[in-house]
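[1] kindly generate the corresponding structure for this input.
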Amino acid sequence: MKLKLTSKEKKGNVKYEAQIKKLFQKLTREFMEIYVLFYLCVFPLCMHDKYFDILSFRFELFWKPTFVYGVIFTVLGLLYLISDALYNGGAIRRRFLTGLKEVREKGNSNSNGFLGRAKTICRYLHISIVDIAITVLIILFAISTALAEYPYEAFWGDRGRNQGLLMWLMLYISYWLVTRFYKFKKWHIWAYLAGASAVCVWGILNFFFFTFGMFEHADDTYKYTFVSSIGNINTYNAFTGIFFGVSVGMFIKSKTILCRIFAFLAVMVASFGHIMGLSDNAVLSTGIVFIAAPLVLCDSYGHLSRYFVAVLTYLTALRITYEIKAAGIHTMADGDAGIQIKIAGQSLFIYVIVCVAIAAVLSIVMVCKSPGTSEISSEKRIMGRFKAFWIGIVSVVAGSIVIVLILANQGWHEEIWTPYKNILIFNDSWGTGRGLCWRLGMEFWRNDATFLMKLFGYGPDTFYIITMNRFMNIMQDAGYGMFDSAHNEYFEYFITVGILGLAAYISFLYTSLREMLSRGNDSSKIIAMGILAYALQAVVNIAIPITTPVFMIMLFAGITVSKIEKANS
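    Numbering: from 1, shown residues only. Got it, this is the predicted structure:
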């Protein structure tokens, strides 16, 4: 949009204006580079008193620095305006205000309606649909807190997992800082892979009971449920799911031999770390990565060959883990090792590995045949057909899973499903009590929630209050003690911030992923693989300050990368 400025509005010291912009751009970018790299690479390893205060410590380690960053950037903004006024005659501010006024007048003169005018103004202010989605989400969180029966607890989230309004306000500040001031560099992803690898190596060692004194003065049972620098195995697998998705994406898209070697090492570490976390949640995050990668990342034979190598690596790691357990080596897998390792022990699993290995070899052979100019179009055509074929395969598998779930829950040939009843049979004990937790949540929603509560929820992170006030005896009789979270992020938002809050959260995730996948470059698509992995496993997991900052800042970085690509296109 071309602005018509008067001579007064154009007036300004060009030399000083360039210096002002360069100085503040340098300051903001360096500040944000430190911020993003800290939370992606260092934050997951930070601890204070082992596992005893890990939740509260990580919560404070996120919200306090983020609040300080918000203050610092507010001060920098004021200094920027003051510098513009003192050394540039306020030309930057005047141009912005004049442009905004012109846009508003132009919008009012056209018959585009309110939405058309709003769209024009948003375009001038560089406000995207993702910006609007997260702003609506925060407003709904604030309304839910204001209407909550326990507003103090809803603000702090101290009766749950510290995911109250305060946490979301800090995430909102983080969103604007990262998407406006962070400058992405490719090596940042490599730094993240290195930091995440350290977390997973720690987790792999924990699998073999190298505990490094972390469980001193704690019950020995925690050795089977807490791992690495993350804590609970479900939380750990939420982290490793992101890492696995990003590492697979980097391996598929890497262009040089050296980068492929480093990425492959990351895939191996992520695979073993993800599997040895022993959480069944890993099935979902791994599955969505393997389903989405051919559609999102594979555009050539080379991409496809590396995809099959990544799948083969994961399946081999799974079989090795099973063999370790079968050999009687003392590990965290003693007893119930989870659905993945059970499947890896089946005789048919070897044939699956062989089939994937054959696919990997065939695709590598296709790569070795150096394509001529006439064969490039053929490669694209074949890859297009493969993607269509892959969609068909995924549809058949998804349909088969639905049929299996129906048959298992109707009691058809019970002996077939008994070994996998914890996964296939939906009842109160499903998912280590998740079935009961969700049933109680729905009982509250149907019987006790008012119309406003159904719209705006009971208050952010107040699921514990709901269950303890109404269902304490039921939980204790069932042997679960208490439910301080729904163990399903989406159901948690449905109950605590209502139908509108859940819709806003899903809209935010959807618009963010759409931005990264449809308008982004390779880097944003790679990041999107990690986001997809987390988003699907969240169906049976919880949001917690130990991993939420990593997930959200990764998401914000992906949005930033897609914005850069969009601006350059």
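[2] ok, the nearest residue to Cys437 once chain neighbours are set aside - contacts?
    Take Cys437 and drop its neighbours on the chain: the residue closest to it by CB to CB, 6 or more residues apart in numbering is Phe483, 4.7 Å away. C-beta coordinates here come from the backbone N, C-alpha and C atoms, glycine included. By CB atoms under 8 Å, 6 or more residues apart in numbering, the residues touching Phe483 are 433, 437, 440, 463-464, 467, 475.
[3] can you name the two of the residues you listed that are farthest apart?
    Across the contacts of Phe483, the longest distance by CB to CB is 14.4 Å; it joins Gly433 and Tyr464.
[4] just to revisit the earlier point, what about the contacts of Phe483, which one has the most neighbours?
    Phe463 (29 neighbours; other CB atoms under 10 Å).
[5] ok so, going back, reformat the contacts of Phe483 as CSV; add secondary structure and pLDDT.
    Converted to CSV, the contacts of Phe483 look like this (DSSP: H, G, I helix; E, B strand; the rest coil; pLDDT from 0 to 100):
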residue, secondary structure, pLDDT
Gly433, helix, 89
Cys437, helix, 95
Leu440, helix, 95
Phe463, helix, 96
Tyr464, helix, 95
Thr467, helix, 94
Met475, helix, 89
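[6] quick check, nearest of these to Thr145?
    For the contacts of Phe483, the minimum distance to Thr145 (CB to CB) is 14.5 Å, reached by Phe463.
[7] show me the strands in the stretch 151-300 of the chain, by range?
    226-227, 231-232 (DSSP state E, counting those that start in this stretch).
[8] tell me which of those sits most buried.
    With neighbours taken as mean count of other CB atoms under 10 Å, the strands of the stretch 151-300 of the chain reach their highest mean count in strand 226-227, at a mean of 26.
[9] counting contacts, what elements does it pack onto?
    Counting contacts by 3 or more CB pairs under 8 Å, 6 or more residues apart in numbering; DSSP states H and E, strand 226-227 packs against helix 186-207, helix 233-253.
[10] make TSV out of those and add mean neighbour count, mean pLDDT and distance to Ser523.
    Conversion of those to TSV gives the following (neighbours: other CB atoms under 10 Å; pLDDT from 0 to 100; distance: least, CB to CB, whole Å):
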stretch	mean neighbour count	mean pLDDT	distance to Ser523
helix 186-207	20	97	7
helix 233-253	29	97	8
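[11] mind putting those helices in TSV, distance to Asp131 included?
    As requested, these are arranged in TSV below (distance: least, CB to CB, whole Å):
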stretch	distance to Asp131
helix 186-207	22
helix 233-253	23
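[12] okay, now the unreliable bits of the stretch 251-400 of the chain?
    Applying pLDDT under 70 to the stretch 251-400 of the chain picks out residues 370-376.
[13] list the contacts of the residue lying closest to Ile233 once chain neighbours are set aside.
    Computed as CB to CB, 6+ apart, the closest residue to Ile233 that is not its neighbour in sequence is Ser279, at 4.6 Å. By CB under 8 Å, 6+ apart, the residues touching Ser279 are 233-234, 236-237, 338.
[14] measure Phe155 to Met167 for me?
    10 Å (CB to CB, to the nearest Å).
[15] and if you look at Val296?
    30 Å.
[16] between these two, which is the more surrounded one?
    Per other CB under 10 Å, whichever of Val296 and Met167 has more neighbours is Met167, with 27 against 19.
[17] tell me the pLDDT at that one?
    At Met167, the pLDDT value in this model is 98.
[18] next up, the contacts around it.
    Counted by CB under 8 Å, 6+ apart, Met167 has contacts 59, 62-63, 157, 461, 545, 548.
[19] ok, those vs Leu348, which is closest?
    Closest to Leu348, out of all of those and judged by CB to CB, is Thr548, at 38.2 Å.
[20] and this structure, what are its domains?
    1-127, 130-181+426-569 (automatic domain parsing).
[21] check contacts around Arg104.
    Residues in contact with Arg104 (CB under 8 Å, 6+ apart) are 117, 121.
[22] need the contact list for Glu153.
    159, 164, 459, 461-462, 465.
[23] can you get me a residue count around Ile129?
    Count around Ile129 with other CB under 10 Å applied: 14.
[24] Phe551 versus that one, what's the distance?
    Applying CB to CB, the value for Ile129 to Phe551 is 20 Å.
[25] likewise for Phe62?
    Noted for Phe62: a distance of 12 Å to Phe551, by CB to CB.
[26] so what's the closest residue to Ser228 other than its chain neighbours up against?
    Of all residues not flanking Ser228 in the chain, Gly203 sits nearest, at 3.7 Å (CB to CB, 6+ apart). Taking CB under 8 Å, 6+ apart, we find Gly203 in contact with 227-228, 230, 236, 240, 273, 276-277.
[27] and stretch 251-264, how far apart are its ends?
    With CA to CA, to the nearest Å applied, stretch 251-264 spans 6 Å between its terminal residues.
[28] how about it: buried residues?
    The neighbour-count check on stretch 251-264 (16 or more other CB atoms under 10 Å) flags 251-254, 260, 262-264 as buried.
[29] for those, which one is nearest Gly479?
    Out of the buried residues of stretch 251-264, the member with the shortest distance to Gly479 (by CB to CB) is Phe251, at 43.3 Å.
[30] contacting residues for that closest one?
    260, 263-264, 266-267, 306, 309-310.
[31] could you look up the SS state of the nearest residue to Tyr224 once chain neighbours are set aside?
    Computed as CB to CB, 6+ apart, the closest residue to Tyr224 that is not its neighbour in sequence is Met332, at 5.6 Å. Following DSSP: H, G, I helix; E, B strand; the rest coil, we place Met332 in the coil state.
[32] swap in the one 5 residues further on?
    Reducing the assignment at Ala337 to three states with three-state DSSP gives coil.
[33] contacting residues around Ser300?
    379, 383 are the contacts of Ser300 under CB under 8 Å, 6+ apart.
[34] longest helix in this structure, please.
    For the chain, the helix with the greatest residue count under DSSP state H is helix 373-409.
[35] show me what counts as buried in that one.
    For helix 373-409, by 16+ other CB under 10 Å, it's 379, 383, 386-387, 394, 408.
[36] which two of these have the greatest separation?
    Between any two of those, the greatest separation by CB to CB is 42.2 Å, found for Glu379 and Ala408.
[37] which non-adjacent residue is nearest Leu81?
    Nearest one to Leu81, counting by CB to CB, 6+ apart, is Arg93 at 6.2 Å.
[38] likewise for Lys342?
    Nearest-residue entry for Lys342: Pro419, 6.7 Å, with adjacent residues in sequence omitted and distances by CB to CB, 6+ apart.
[39] where in the stretch 451-569 of the chain is pLDDT low?
    Across the stretch 451-569 of the chain, residues meeting the criterion (pLDDT under 70) sit at 520, 564-569.
[40] chain center to stretch 43-50, what's the gap?
    20 Å (CA atoms, centre = their mean, to the nearest Å).
[41] between the two ends of stretch 154-172, how far is it?
    End to end - CA to CA - stretch 154-172 spans 17 Å.
[42] any idea how far it is from the chain center?
    Using CA atoms, centre = their mean, the offset of stretch 154-172 from its chain centre is 18 Å.
[43] kindly report the same for stretch 341-348.
    Counting by CA atoms, centre = their mean, stretch 341-348 comes out at 29 Å from the chain centroid.
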